[in-house]
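Q: Just to be clear, the model below is a prediction. Sequence and coordinates:
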Amino acid sequence: MIAPPPLIFIAGLGIGFGLNALLPSTSVPDGVAWGVGGVLLTFGLALVTTFLGSFRRAHTPVDPRRATTAIVTAGPYRVTRNPAYLGMALIYAGIAVVSGAPWVLLALAPTLVVVDRGVIAREERYLEAKFGQEYLRYKARTRRWL
């Protein structure tokens, strides 16, 4: 992986807030921003929490730099192969919306490209090599994002 995923999302937020400070933007009314942003934050935190619980129950490390001991297919992994990254993306989007910072929201797209190519693609190659057909079957029936 090119960097720990939380740091990639934090870097994206930093770049977005930097752009928002430098470039003109419009804001969303506070009530709408807090409502939509709150929903995004809530779903993001729920996904990250269920991801952590699924990994603990499977007795496999959460840290992507450590060797995986099992393929997790329960909980949120029934719907997406990457609930942690999806959860982080929702949290990021929630922060952007609540902050009324459109450049932060726009910076999410390149951040997701970095996560997808620099982290997820590498993780998938590792899982294919380690678990072979078991992982390929899981990959065939479960979407990467949603």
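A: Sure, I can see it. Numbers count the residues shown, from 1 in each chain.
Q: give the contact list for the residue nearest to residue 65 when sequence neighbours are not counted.
A: Leaving aside its sequence neighbours, residue 65 sits nearest to residue 1 (CB to CB, 6 or more residues apart in numbering; 7.2 Å). From N, CA and C alone the C-beta is placed, and that goes for glycine too. By CB atoms under 8 Å, 6 or more residues apart in numbering, the residues touching residue 1 are 64, 65, 118, 119, 122, 123.
Q: Drop anything exposed from those residues.
A: 119, 123 (16 or more other CB atoms under 10 Å).
Q: now the residue nearest to residue 65: how far from residue 33?
A: Distance, residue 1 to residue 33, using CB to CB, to the nearest Å: 33 Å.
Q: hang on, the earlier thing: looking at the contacts of residue 1, which are in helices?
A: 122, 123 (DSSP state H).
Q: Can you say which two of the contacts of residue 1 are spatially most distant?
A: The largest separation in those, counting by CB to CB, is between 65 and 118 at 13.7 Å.
Q: before we move on, the earlier item: now distance to residue 55 and pLDDT too, for the contacts of residue 1, in CSV please.
A: CSV is the format used below for the contacts of residue 1 (distance: CB to CB, whole Å; pLDDT from 0 to 100):
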residue, distance to residue 55, pLDDT
64, 11, 75
65, 14, 78
118, 21, 94
119, 16, 93
122, 18, 93
123, 13, 93
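Q: Read off the pLDDT value for residue 29.
A: With respect to pLDDT, residue 29 has a value of 62.
Q: What residues does the most centrally placed residue in the chain make contact with?
A: Ranked by distance to the mean C-alpha position of the chain (CA atoms, centre = their mean), the top residue is residue 85 at 1.8 Å. By CB under 8 Å, 6+ apart, the contact list for residue 85 reads 5, 115, 119, 120.
Q: Equivalent analysis for residue 50, please.
A: Residue 50 makes contact with 75, 76, 83, according to CB under 8 Å, 6+ apart.
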